[in-house]
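In: Sequence first, predicted coordinates after that:
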Amino acid sequence: MASQNRVQWIYSSKDNKELAERYDEWAKNYNTDLAEDFGWLGPQRAAEVLAAHVPRHGKILDAGAGTGLVGEYLAELGYGDITAMDLSQGMLEEARKKGIYRYYHQMVMGERLDYRTHYFDAVISVGVLTVGHAPASSLDELIRITKPGGHIVFSLRPDVYENDGFKEKQAALESENKWRLVEVTAPFQPLPKGEPDVYHQVWVYQIV
């Protein structure tokens, strides 16, 4: 299956079970497809944004870690206490081969996460809050498991932000004094070779 067709195949998953199965199937070719065919820049850009706000000794959750691309950049930037979480066991097995995470957990964004309240210093989520994936309601759990003063960093397509409930959810969480906006990047092309018309922004919130 061509890389571009595979991405649309992923987006068309009808539920989390099918999504996990499709990611399991894609896992071994995922890095090659995204890096070579799409020029995937999201992990590097988001890791660099997180590094501007989060101390290197922080306990980090990579929520939707996939094969560990975000973790690789975080490790290069000096982070050593990183946990990988993903709905796909196949993707986590590929991430495990990199040897950069302390823990590996199979969990689903949008459901209750099996982490203690105020456990992490920061959460990063790249390419997960998107079409056919984790809903805006996922943000509630990310806030719960992050320490007061900690940060949540995530990538989001502007169209998904406008149309899939994120705009309203993010504003509601701010008005409820759950978090405050620290930074949002200008839109950039995270997939310049494969999907040049797609843009992302990286959002940074601090937990109140």
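Out: Right, received. Where do you want to start? Numbers count the residues shown, from 1 in each chain.

In: you'd agree residue 203 is in a helix?
Out: No: going by DSSP: H, G, I helix; E, B strand; the rest coil, the assignment for residue 203 is strand, not a helix.

In: which residues in the chain form helices?
Out: Using DSSP state H, the helices of the chain run over 3-11, 16-32, 42-51, 69-76, 89-96, 138-144, 158-163, 166-175.

In: Can you lay out those as CSV showing mean neighbour count, distance to residue 103 and mean pLDDT?
Out: All C-beta spots, glycine's among them, are computed from the backbone N, C-alpha and C. Listed next are the helices of the chain as CSV, based on neighbours: other CB atoms under 10 Å; distance: least, CB to CB, whole Å; pLDDT from 0 to 100:
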stretch, mean neighbour count, distance to residue 103, mean pLDDT
helix 3-11, 15, 25, 58
helix 16-32, 17, 19, 71
helix 42-51, 21, 18, 97
helix 69-76, 22, 11, 97
helix 89-96, 20, 10, 93
helix 138-144, 20, 17, 98
helix 158-163, 14, 29, 96
helix 166-175, 15, 27, 98
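
In: Tell me how far the most centrally placed residue in the chain lies from residue 142.
Out: By CA atoms, centre = their mean, the chain has its centre lying nearest to residue 125, at 1.9 Å. According to CB to CB, to the nearest Å, residue 125 stands 7 Å off from residue 142.

In: and if you look at residue 189?
Out: Residue 189 is 25 Å from residue 142, by CB to CB.

In: Would you mind confirming that residue 122 is in contact with residue 61?
Out: Yes: under the criterion of CB atoms under 8 Å, residue 122 is in contact with residue 61, at a separation of 7.4 Å.

In: who's in contact with residue 86?
Out: Contacts for residue 86 (CB atoms under 8 Å, 6 or more residues apart in numbering) come out as 23, 64, 65, 66, 92, 95, 106, 107.

In: Kindly recompute the last result at 10 Å.
Out: With contacts defined as CB atoms under 10 Å, 6 or more residues apart in numbering, the neighbours of residue 86 are 20, 23, 27, 62-68, 92-95, 104-109, 128.

In: cool, residue 15 as well?
Out: For residue 15, the contact set (CB under 10 Å, 6+ apart) comprises 21, 132.

In: Can you give me the distance of it to residue 168?
Out: Distance from residue 15 to residue 168, counting by CB to CB: 24 Å.

In: what do residue 125 and residue 142 both touch?
Out: 61, 63, 109, 134, 152, 154.

In: Just these: which are in strands?
Out: 61, 63, 152, 154 (DSSP state E).

In: Just put the residues you listed in TSV and tack on pLDDT, distance to residue 84 and neighbour count.
Out: Formatted as TSV, those follow (pLDDT from 0 to 100; distance: CB to CB, whole Å; neighbours: other CB atoms under 10 Å):
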residue	pLDDT	distance to residue 84	neighbour count
61	98	8	25
63	98	9	29
152	98	17	25
154	98	16	28
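
In: Tell me the one among the residues you listed nearest to residue 42.
Out: The shortest approach to residue 42 among those belongs to residue 154, at 10.3 Å (CB to CB).
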